[in-house]
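Colleague: fold the following for me, if possible:
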Amino acid sequence: MGQGHGWEGAVLRLLRGKDFVFTVTGAEQVTEHYRRLHLTDGGMLRLTGVHPTMWVRLWFEAAGKPHQRAYTLVDPDPATGTFSLEFALHGGHASDWARSARPGDTIEATVHGTGFTDPDPAPSHLLAIGDPASLPAINSLLTALPPAPATIWFETPPETNGEPAPGLPLRLDTTRHDFRPVPRQDAGAHLLTQVRTAAPTLLEHTPAPYVWIACDTTTTRSLTSYFRKELGLPKQRLHALGFWRP
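Modeller: Modelled structure (predicted):
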């Protein structure tokens, strides 16, 4: 397995990436633009274990060429060897596959690069910034870091017409989670403005903050630079990963 994954697959094999085959067992159309697939893990979880925000690389084929995209596991269960994946549907090979996937379909995956280190000291306040593509990871993080309060800036796609996040499976605790939907405007610039307006005050009153960013690559880079260079946040108190390219 993995021999048809091109140079990316060859690099991952050299880096000791582990390959598995997942099988679709069911699907849910959560919203018009958001789909959840249920899968069996091909023995993966028993070998790798589970950690918060755990993700895998799925392999898709288009025009005879392999393409890989990373997706966060939802509710992984090593005892049953099952988990779900959630797809923010748009154009692209991954979305096309997710739309048409049916029970019995299989897909190859590679595990490499995923990891999570518990912040030390534990966060006194979590600042999370993301969008539908990173929603499964945000949910995983909110579950992994109780009972810290959290402020979540969540960029909503244009098709929601400014609604907060209709139908999306957000796992919020209203007693400690401050959810702030932000309509996507100006290629992410509006989100950056909203964060810059509020973050200094939040950090000023937070002895042990932890900032987690997962937006499009350009916005993620801008936000990371802002927290590190302008606000002086230590690198060990920030985790950032670009989830997609605009």
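
Colleague: okay, and the closest residue in space to Gly188 that isn't next to it in sequence sits in which element?
Modeller: Leaving aside its sequence neighbours, Gly188 sits nearest to Thr219 (Cβ to Cβ, 6 or more residues apart in numbering; 3.5 Å). C-beta coordinates here come from the backbone N, C-alpha and C atoms, glycine included. Secondary structure assigned from DSSP states H and E places Thr219 in helix 217-225.

Colleague: now for the residue nearest to Gly188: which residues touch it?
Modeller: Applying Cβ atoms under 8 Å, 6 or more residues apart in numbering, one finds that Thr219 lies in contact with 155, 187-188, 191-192.

Colleague: Val182 and His205: what is the separation?
Modeller: As judged by Cβ to Cβ, to the nearest Å, Val182 and His205 stand 22 Å apart.

Colleague: same question for Leu47.
Modeller: 43 Å.

Colleague: send me the top helix by length along the chain as PDB with only the CA atoms.
Modeller: In the chain, ranked by residue count with DSSP state H as the criterion, the top helix is helix 189-204. The C-alpha coordinates for helix 189-204 follow below in PDB (Å, rounded to 0.1, in the frame of the first residue of the first chain):
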ATOM      1  CA  ALA A 189      -9.000  40.200   7.100                       C
ATOM      2  CA  HIS A 190     -12.200  40.800   9.000                       C
ATOM      3  CA  LEU A 191     -11.400  37.900  11.300                       C
ATOM      4  CA  LEU A 192      -8.000  39.300  11.900                       C
ATOM      5  CA  THR A 193      -9.400  42.700  12.800                       C
ATOM      6  CA  GLN A 194     -11.900  41.100  15.300                       C
ATOM      7  CA  VAL A 195      -9.200  39.100  17.000                       C
ATOM      8  CA  ARG A 196      -6.800  42.100  17.200                       C
ATOM      9  CA  THR A 197      -9.500  44.200  18.800                       C
ATOM     10  CA  ALA A 198     -10.300  41.800  21.600                       C
ATOM     11  CA  ALA A 199      -7.200  39.700  22.200                       C
ATOM     12  CA  PRO A 200      -5.000  42.300  24.100                       C
ATOM     13  CA  THR A 201      -7.600  42.700  26.800                       C
ATOM     14  CA  LEU A 202      -8.200  39.000  27.200                       C
ATOM     15  CA  LEU A 203      -4.400  38.300  27.400                       C
ATOM     16  CA  GLU A 204      -3.900  41.100  29.900                       C
END
